[in-house]
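Engineer: Output the structure for:
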Amino acid sequence: MKNIFPERIICLTEETTETIYLLGEQKRIIGISGFTVRPPIARKEKKKVCTFIDANIDEIISLDPDLVIGYSDIQADIAQKLIKEYHCLDK
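Structural biologist: Reported below is the predicted structural model:
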């Protein structure tokens, strides 16, 4: 049976990274925002794939995420590029 929970998460905001660490699920995170400061270990452990309004789309795609978590309309351009380039809604 396929796992219904995402195993490979990219957090485009600092808050989502911090929340997932607080839940004890940091092993699922494969990419974070370059602005992440909490928890400090995340900056050492995880690949930085974006700033707040810009992202390395090719790098995100190469990491093959199950879930990318962004922030409202401020990151809408990033979401649009990912949908177009990664065909994430087709999976």
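
Engineer: Output the contacting helices and strands for the lowest-mean-pLDDT helix or strand in the chain.
Structural biologist: Sorting the helices and strands of the chain by mean pLDDT, DSSP states H and E puts helix 76-86 at the bottom, at a mean of 89. When contacts are defined as 3 or more C-beta pairs under 8 Å, 6 or more residues apart in numbering; DSSP states H and E, helix 76-86 sits against helix 57-62. For the C-beta atoms, the positions are set from N, CA and C on the backbone; glycine is no exception.

Engineer: Bridge partners for the residue nearest to residue 28 when sequence neighbours are not counted, pull those for me.
Structural biologist: Sequence neighbours aside, residue 9 is the residue nearest to residue 28 in space, at 4.8 Å (criterion: C-beta to C-beta, 6 or more residues apart in numbering). Beta-bridge pairing of residue 9 under DSSP bridges involves residue 29, residue 67.

Engineer: Give me the neighbour count for residue 9.
Structural biologist: 23 (other C-beta atoms under 10 Å).

Engineer: Over to the one 5 residues further on?
Structural biologist: Each residue near residue 14 was counted by other C-beta under 10 Å, and the total is 18.

Engineer: same deal with the one 5 residues further on?
Structural biologist: Using other C-beta under 10 Å, residue 19 has 13 neighbouring residues.

Engineer: and it, what element?
Structural biologist: helix 14-22 (DSSP states H and E).

Engineer: repeat for residue 41
Structural biologist: Assigned by DSSP H and E, residue 41 falls in helix 40-45.

Engineer: Packing partners of that helix?
Structural biologist: Looks like helix 40-45 contacts helix 14-22, strand 29-33 (3+ C-beta pairs under 8 Å, 6+ apart).
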